[in-house]
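Novice: Below: sequence and its predicted model.
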Amino acid sequence: MATDPQQPVESGGYRPASDRLILLVVASYALTFVVFGFLVDSPAEILKGLSAILISRDTLLTDYFGVGGIGAGLVSAGLLTLASCAVYSLSRAKMTGAAVAALFLVLGFGLFGKNLLNVWFIVLGVALYSRFKGQTFATNINTAFFGIALSPIVSEVLFSSLLPFELAIPLGVGTGLLIGFILPAAAAQLFKAHMGFALYNMGFTAGLVGTLVVALYKSYGFVPDPVFIWTSGNDLLLGPFLGVLFASMIVLGVVLDRRALIGFRRLLRESGQSPSDFVAIAGLGATLINMGVSGAIGMAYVLAVGGDLNGPVIGALLSIVGFAAFGKHPFNFVPVMLGVFLGSLAKPWGAADPSILLAALFATNLAPIAGHFGWHWGIVAGFVHSSAALSVGGVHAGLNLYNNGFAAGIVAAILAPVIIAIRAGRDGGDPPPSASAHSPGAAPGAASGRGRSG
């Protein structure tokens, strides 16, 4: 691995990567989005598109390619992720698998819901919570950047025509700060419900918090209007770009670590139950291979079922890529995708329909169920999720970007105990997995890397 030769070699045979190197790799992929965006559209078109993105309402589904153009969408996501990388660097946060997952979610959802304006009030709210608790911001930084799942609430309040401007600004800013302040404590407690079998714990948390916020606003007559912006017809442009992106991860992994393939095989034996920091387990090289392979499998699924490559779909693919550093690998997430596909066959919608296509990709956060209990239970989890994901969005009015994370948290919280009971009744089974605060880390997204995920 291309690291300091004085660094100790881990027992797995790899040299641990420095935080600086990991952050540089993530920032390089964010910069790639910016560069490709300027190759797609002119600077004038991008500037106009960025302005449109900043003032869009961002409720699910708001494809930034449809709001500001492909170039502006790519540049917006890339710049937001670069800014987030700068925050990680300045806070001296530990670059764990959870941190990699958080930043790739920023990059992915930067294409449909998170932008350079609406995320920072929630991040600042988490910073205020850290100060209140006497902790460094680095302790909760992953929570902050996972927690911007609720950033559409800020945009909704700021730019909805239902509120006068002089009221919208303080209410939007205050709502974002309050959400950020309560997320760390809420996520720490709610992790126990699903015991780490849903990787997007912040999606589960944000769903409940978002439901409460929306209920409060609705009680005062503020009811968000639904949004659906979905682009299509850009597969020939975006497919090769993503293909090169995923291939480069595999090549880079091998270049950085000559034993990366051995580490990758080791990762395939992991259950993925959170916390599963693949960077710590097998090194950066093996993790990058897993990220590239996992992303390629996700894109192959999209193209095989005839789906569109656009902002939301690329965001879903990047969520697979990001969490391939923190719990997902092909052996544990493919059965879940298969379960969602089978669910689409048994219901009156197609596998390429927007909601069910996104469900198949985001349902991979249930990968630990397949990894821990077996592939057949992964199929069951995906099948159940294919219905749950289409039913829970109304309670938070589309203002939680991690709608599938919310649905999967519910599925895992119910299904995992049932599986454990069935296995225990049949043959003694395994003891229930611990959900203590000691196991996943005392705070979501802790700097140790044992935090909860989005």
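Specialist: Received it, and whenever you're ready, just let me know what you need. Residues are numbered from 1 along each chain as shown.
Novice: G394 - how many residues pack around it?
Specialist: Residues near G394, counting by other C-beta atoms under 10 Å, number 11. (Glycine included, C-beta is placed from N, CA and C.)
Novice: Tell me how far it lies from P354.
Specialist: To P354, G394 is 16 Å away according to C-beta to C-beta, to the nearest Å.
Novice: G176 now?
Specialist: Using C-beta to C-beta, G176 is found at 28 Å from P354.
Novice: okay, these two: which has more neighbours?
Specialist: Neighbour count, other C-beta under 10 Å: between G176 and P354, G176 has more, with 26 against 18.
Novice: Leaving out the residues flanking it, which one is nearest to the more buried one?
Specialist: F121 (2.7 Å; C-beta to C-beta, 6 or more residues apart in numbering).
Novice: For stretch 117-126, give me every contacting residue.
Specialist: Outside stretch 117-126, the residues within contact range by C-beta atoms under 8 Å, 6 or more residues apart in numbering are 54, 58, 80, 87, 106, 137, 140-141, 143-145, 147-148, 150-152, 154-155, 158, 172-173, 175-184.
Novice: could you redo the last one with a cut-off of 6 Å?
Specialist: Applying C-beta atoms under 6 Å, 6 or more residues apart in numbering, the external contacts of stretch 117-126 come out as 54, 140, 143-144, 147-148, 151, 154-155, 173, 176-177, 179-181.
Novice: And those, which is closest to R259?
Specialist: Nearest to R259 among the contacts of stretch 117-126, counting by C-beta to C-beta, is T143 at 32.8 Å.
Novice: For this protein, give me the ranges with low pLDDT.
Specialist: Scanning the chain for pLDDT under 70 picks out 1-13, 161, 427-454.
Novice: Could you give the number of residues near the nearest residue to I70 once chain neighbours are set aside?
Specialist: Excluding the flanking residues, the one nearest I70 by C-beta to C-beta, 6+ apart is V40, at 5.1 Å. The burial count assigned to V40 is 20, neighbours taken as other C-beta under 10 Å.
Novice: what about V40, distance to G243?
Specialist: Where G243 is concerned, V40 sits at a distance of 16 Å (C-beta to C-beta).
Novice: likewise A98?
Specialist: 27 Å.
Novice: and if you look at F165?
Specialist: 45 Å.
Novice: One more: V305?
Specialist: Counting by C-beta to C-beta - V305 and G243 are separated by 17 Å.
Novice: again with S294
Specialist: From S294 across to G243, the span is 14 Å (C-beta to C-beta).
Novice: which one of those two has more residues nearby?
Specialist: Between S294 and G243, S294 has the larger neighbour count (other C-beta under 10 Å), namely 26 against 14.
Novice: Tell me which helix or strand that one sits in.
Specialist: Element membership for S294, per DSSP states H and E: helix 278-304.
Novice: Just the buried residues of that helix, please?
Specialist: For helix 278-304, the neighbour count (16 or more other C-beta atoms under 10 Å) marks 278-299, 301-302 as buried.
Novice: next SSE after it?
Specialist: Following helix 278-304 in sequence, per DSSP H and E, is helix 311-323.
Novice: and the helix or strand where M202 lies, what does it pack onto?
Specialist: Element membership for M202 (DSSP H and E) is helix 201-219. Packing partners of helix 201-219 (3 or more C-beta pairs under 6 Å, 6 or more residues apart in numbering; DSSP states H and E): helix 165-194, helix 403-427.
Novice: List the buried residues of the shortest one.
Specialist: In other words, helix 403-427. Within helix 403-427, judged by 16+ other C-beta under 10 Å, the buried ones are 403-413, 415-416, 419-420.
Novice: Show me the contact partners of it.
Specialist: 193-195, 197-198, 200, 203-204, 207, 359, 362, 365-366, 373, 377, 381, 384-385, 388-389, 392-393, 400, 429, 432.
Novice: relative orientation of it and helix 311-323 in degrees?
Specialist: 50 degrees (axes from the mean of the first three to the mean of the last three C-alpha atoms, to 10 degrees).
Novice: Quick one: work out the angle between helix 403-427 and helix 165-194.
Specialist: 10 degrees.
Novice: Work out the gap between helix 403-427 and the centre of the chain.
Specialist: Distance, stretch centre to chain centre, for helix 403-427: 21 Å (C-alpha atoms, centre = their mean, to the nearest Å).
Novice: how big is the angle separating it from helix 201-219?
Specialist: Using the same axes, to 10 degrees: helix 403-427 against helix 201-219 is 120 degrees.
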